[in-house]
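Asker: Predicted coordinates and the sequence they were generated for:
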There are 4 protein chains.
Amino acid sequence: MVTNETKRPISPGAEEELGQVHSVLDKGEVELVDYVGSDRTVARAARTSYQGSEGKSEEADQRLILRLWKDRHTSPFEMVGLTFRIRLPIFVMRQHVRHRTASLNEWSFRYTECPELFFVPDHDNVRGQGKTNKQVGEGKLDEDAATKARTLIDGVNHHAYKTYRLLLELGVAREQARVVLPVSAYTQIVWSMDMRNLLHYFSLRLAPDAQKEIRDYAIVMARIVKKGWPMIWNAFAEGNDPLDQ
Amino acid sequence: MVTNETKRPISPGAEEELGQVHSVLDKGEVELVDYVGSDRTVARAARTSYQGSEGKSEEADQRLILRLWKDRHTSPFEMVGLTFRIRLPIFVMRQHVRHRTASLNEWSFRYTECPELFFVPDHDNVRGQGKTNKQVGEGKLDEDAATKARTLIDGVNHHAYKTYRLLLELGVAREQARVVLPVSAYTQIVWSMDMRNLLHYFSLRLAPDAQKEIRDYAIVMARIVKKGWPMIWNAFAEGNDPLDQ
Amino acid sequence: MVTNETKRPISPGAEEELGQVHSVLDKGEVELVDYVGSDRTVARAARTSYQGSEGKSEEADQRLILRLWKDRHTSPFEMVGLTFRIRLPIFVMRQHVRHRTASLNEWSFRYTECPELFFVPDHDNVRGQGKTNKQVGEGKLDEDAATKARTLIDGVNHHAYKTYRLLLELGVAREQARVVLPVSAYTQIVWSMDMRNLLHYFSLRLAPDAQKEIRDYAIVMARIVKKGWPMIWNAFAEGNDPLDQ
Amino acid sequence: MVTNETKRPISPGAEEELGQVHSVLDKGEVELVDYVGSDRTVARAARTSYQGSEGKSEEADQRLILRLWKDRHTSPFEMVGLTFRIRLPIFVMRQHVRHRTASLNEWSFRYTECPELFFVPDHDNVRGQGKTNKQVGEGKLDEDAATKARTLIDGVNHHAYKTYRLLLELGVAREQARVVLPVSAYTQIVWSMDMRNLLHYFSLRLAPDAQKEIRDYAIVMARIVKKGWPMIWNAFAEGNDPLDQ
């Protein structure tokens, strides 16, 4: 990536991350493509309300950030923002898009053709149905069942994609041909969120009852935040870091 | 439906609509299930800023509503809201959910099983690929191609649903089994939006370049607004009613 | 108020409230003017995701609402909404308007003249400056100081209003004459918020560190919610009702 | 300002602006303090939906941005954001804060004391009341009236501030003493907005019926956008640049 000079605040940890592509699931990707603001940006924004405090030490900033978070004085956290490029299956995307405070651009399969890129769970990650919590997957299926499940899922993916190509060859419009694509199909988004709402996203999507496939995406993004905005992460994770579990 | 007494403003046209189920596409539905505010609510909210004007005539209200809309003074339109129950294919839902100002609850296929309910385009609505606008479907495919396309789509729907059932029988968690479902699968939402944002939704989704399948939903909802909130619809559609085209 | 027949869900407690004007501070008012949805609306919206459960008992609804709140599954609470008419001093309004999820219409002093209506704290509510929490007021000032403070505040109110009238008589535009009005001046809003965001507002504005003058408004609105939506209030206030403190 | 190296996209025009303090009104200020994204960021975000188009020329980017804006495909514009420090009178702030999509931190006069900094209109900018549009100020008052108006406004400002200090000396809490401050008092905010919503703000606040005092702020910010994001400004202002009027 090209390097430029800027007068903007920078986060050294985030700079290291820019352009690094992280793998998620079997064919997914997460990449930080832009950001605004550093840890100190939060402290500086807060001090607009708390005047007269330039030239504060890093320790003072960390104390302030901890207190802001504890007092639920969250607006200064909106002055920091991250933009990710994410490749993810449609069923994960369908949960992602529910976070309404994000900005989002997605591949349009009205405009371009869907590539042959489908999710199949790893062999040791085919899960059984939860008994107590009716909503979640629990435990691993035995080897045979897992193999069978993978073959079945793969079969639908192939059949659907072959049919998709046939429909296009028949002359069917892309916007209609796409209806046969399963929600295992990968799509790609540019996804931008301010830090306040990103932390809220983490608090829901890193939780134990989140679906593993979406939690895997949240974990990668949370690690990037921890690296690039360590003071903010400390405040969020104080005494109970979800990345240590 | 039970009838109750209320001191709230009512819209007679909306009252008639409550509980009426409208069919959309092959298996879709739209039903108005709740609402708040009438035409006059907009005028009354605006007069909070324009004081001293109770007991105004309907003509004065209509004039005010027209002027508010023309002057883009849209906040009074947020005091009216509609709540719909909508059954729609996932590919339509994926566009719906992009309207971030709505409130939304959706069936969760993590929690319950997906019913066997899939979209197949009508025979005379299998469209070809647009040439000038690369994004849209244009014209009808010939009879043979349309028949073939419908058979192909139906084939994927059946195969996917059979596989979905097999995965559940194998013991695979619902949250994973669902990945084989095509975006033609119907889901159901409760969808609530204030009038300002609903009109913005109409201006995008009733436009000629909107996909026909989502426009069909927008048309049904627009007719309900026209019937229940005729003054507001007049202001929105003045001189160019998208429902007359 | 006129009574109408409606097929919409109603809240009996909210119906009693409609049109009741509650006094707040020295000249403030709060009045419920419209609403949408009852307790059961939340349960019904949630069951769109949890299918197949019409005809449930009230006990089942209450259990569901408690669980939804505890699990932070808050979207069904957005299907209920309240609209208030509120007369409040500008300094309270300036905090109110920070709740960005609300819809709002306010008197415009560009368009009409400001009435002579200003806040002066009650004699036994002139507070001293907090020592430990630098942000809040604490304790009462002694009788003499309170009397003096009230006279001083009243003096500015009168001088400012007299000057405001003089400026208008000079021919100065309303939009400029208003700059002399102190933030003790009362304004009026129509304010609409869904229940999810209203509960969030309560959690911040009923807290001990909220300014007393805004907490007084929050208390009146919270009592209306408790009366009209008792199951929702139970879930919010479980084991720790802020109205009992 | 310190210069750092960054791998992020930069806008050369915006870099020049960082740290430049622009004067507005008699004592107001606007300063760009941070930003994210350049013109090309919009094109790149759009191409996530329009795949396969790295290495495009600047001309192709400009054409795409023009088309996106014309087609109201506005989500890619949300990937660019600007953060300003703004010093502005409370009556201007009260209009600013109505733009709910912004992030905002403001001086708190609960926490710190208000400085003696009040708006008085310039001698040649004391306006008369509009006749046709009842909302706006129109024309200039004659010399004598203008002098008188300025003296009157100045008088309230001084009296209010002197009283404010007296109240603090009496021991009255800051959160109560502030109620005597007129809306001519200057406050300070950090204000962050994405480009899509900033352009919407311009379309309302650069309009002829906006109050001159807020339009003055919008003009300074619009010039910064024009300098730092010329392609976006071209698309917004095509054929009718509000800065040329």
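Answerer: In hand now; what should we look at?
Asker: If you tally nearby residues, what's the number for A:L166?
Answerer: A:L166 has 15 neighbours, counted by other Cβ atoms under 10 Å in any protein chain shown. From N, CA and C alone the C-beta is placed, and that goes for glycine too.
Asker: ok, the helix or strand that A:S192 is a member of near chain D or not?
Answerer: Here A:S192 sits within strand A:186-194, counting by DSSP states H and E. Yes: Strand A:186-194 reaches chain D (Cβ under 8 Å from any Cβ of the partner chain) through A:188-190, A:192, A:194.
Asker: and the angle for that strand with strand D:186-194?
Answerer: Put simply, strand A:186-194 runs at 170 degrees to strand D:186-194, going by axes from the mean of the first three to the mean of the last three Cα atoms, to 10 degrees.
Asker: what packs against strand A:186-194?
Answerer: In terms of contacts (3 or more Cβ pairs under 8 Å, 6 or more residues apart in numbering or on different chains; DSSP states H and E), strand A:186-194 is packed against strand A:28-36, strand A:81-89, helix A:90-96, strand A:103-106, helix D:39-49.
Asker: Among these, which one carries the weakest average confidence?
Answerer: Of all the helices and strands packed on strand A:186-194, helix D:39-49 carries the lowest average pLDDT, namely a mean of 90.
Asker: and chain C, which of the helices and strands packed on strand A:186-194 is closest to it?
Answerer: helix A:90-96 (12.4 Å; Cβ to the nearest Cβ).
Asker: can I get the CA coordinates of that closest one in CSV?
Answerer: Presented in CSV, the C-alpha positions along helix A:90-96 are these (Å, rounded to 0.1, in the frame of the first residue of the first chain):
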residue,chain,number,x,y,z
ILE,A,90,-25.5,-14.3,3.0
PHE,A,91,-26.8,-15.9,6.2
VAL,A,92,-24.1,-14.0,8.2
MET,A,93,-24.8,-10.9,6.2
ARG,A,94,-28.4,-11.1,7.1
GLN,A,95,-27.5,-10.7,10.8
HIS,A,96,-24.8,-8.1,10.1
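Asker: re the thing from before, what's the first helix or strand after the strand holding A:S192?
Answerer: helix A:195-205.
Asker: Name the helix or strand of chain A that has the lowest mean pLDDT.
Answerer: When the helices and strands of chain A are scored by mean pLDDT, DSSP states H and E, strand A:137-140 comes last with a mean of 83.
Asker: and that one, what other elements does it pack with?
Answerer: strand A:127-129, helix B:174-177.
Asker: The residues of strand A:186-194 next to chain D into CSV, with extra columns for neighbour count and pLDDT?
Answerer: Formatted as CSV, the residues of strand A:186-194 next to chain D follow (neighbours: other Cβ atoms under 10 Å in any protein chain shown; pLDDT from 0 to 100):
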residue, neighbour count, pLDDT
A:Q188, 20, 96
A:I189, 21, 96
A:V190, 27, 96
A:S192, 28, 97
A:D194, 24, 97
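Asker: C:V136: which of these is nearest?
Answerer: A:D194 (28.1 Å; Cβ to Cβ).
Asker: What's the separation between A:A45 and chain D?
Answerer: For A:A45, the distance to chain D equals 5 Å [Cβ to the nearest Cβ, to the nearest Å].
Asker: Surely that residue and A:M79 touch.
Answerer: Yes: here A:A45 reaches A:M79: they are 4.3 Å apart, a contact under Cβ atoms under 8 Å.
Asker: Between those two, which contacts overlap?
Answerer: By Cβ atoms under 8 Å, 6 or more residues apart in numbering or on different chains, A:A45 and A:M79 have these common neighbours: D:105, D:190.
Asker: ok, the strand or helix carrying A:T163 near chain B or not?
Answerer: Per DSSP H and E: A:T163 is located in helix A:143-170. Yes: interface with chain B: helix A:143-170 contributes A:145, A:148-149, A:152-153, A:155-157, A:159-160, A:163, A:166-168, A:170 (Cβ under 8 Å from any Cβ).
Asker: Please name the spatially closest residue to A:F202 (chain neighbours excluded).
Answerer: Distance criterion Cβ to Cβ, 6 or more residues apart in numbering or on different chains; nearest residue to A:F202, sequence neighbours excluded, is A:A222 at 5.4 Å.
Asker: Now do the phi/psi pair for the one you found.
Answerer: phi -70, psi -40 (degrees, to the nearest 10).
Asker: and the gap between it and chain D?
Answerer: 20 Å.
Asker: domain ranges for chain A?
Answerer: A:12-111+A:186-244, A:123-180 (automatic domain parsing).
Asker: who wins for proximity to C:L64 among those domains?
Answerer: domain A:123-180 (13.4 Å).
Asker: what distance separates the start and the end of the closest one?
Answerer: For domain A:123-180, the first-to-last residue distance is 25 Å (Cα to Cα, to the nearest Å).
Asker: before we move on, what about stretch A:66-75?
Answerer: Stretch A:66-75: ends 14 Å apart by Cα to Cα.
Asker: Tell me the gap between it and the middle of its chain.
Answerer: Computed by Cα atoms, centre = their mean, to the nearest Å, the chain-centroid distance of stretch A:66-75 equals 23 Å.
Asker: Just the buried residues of it, please?
Answerer: A:66, A:68-69, A:73-75 (16 or more other Cβ atoms under 10 Å in any protein chain shown).
Asker: May I see the buried residues of the least confident helix or strand of chain A?
Answerer: Buried, per 16+ other Cβ under 10 Å, within strand A:137-140: A:G137.
Asker: quick one: low-confidence parts of chain A?
Answerer: A:49-54 (pLDDT under 70).
Asker: just to revisit the earlier point, columns distance to chain C and mean neighbour count on top of the helices and strands packed on strand A:186-194, output as JSON lines?
Answerer: Output for the helices and strands packed on strand A:186-194, formatted as JSON lines (distance: least, Cβ to the nearest Cβ, whole Å; neighbours: other Cβ atoms under 10 Å in any protein chain shown):
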{"stretch": "strand A:28-36", "distance to chain C": "20", "mean neighbour count": "23"}
{"stretch": "strand A:81-89", "distance to chain C": "17", "mean neighbour count": "24"}
{"stretch": "helix A:90-96", "distance to chain C": "12", "mean neighbour count": "22"}
{"stretch": "strand A:103-106", "distance to chain C": "16", "mean neighbour count": "22"}
{"stretch": "helix D:39-49", "distance to chain C": "24", "mean neighbour count": "24"}
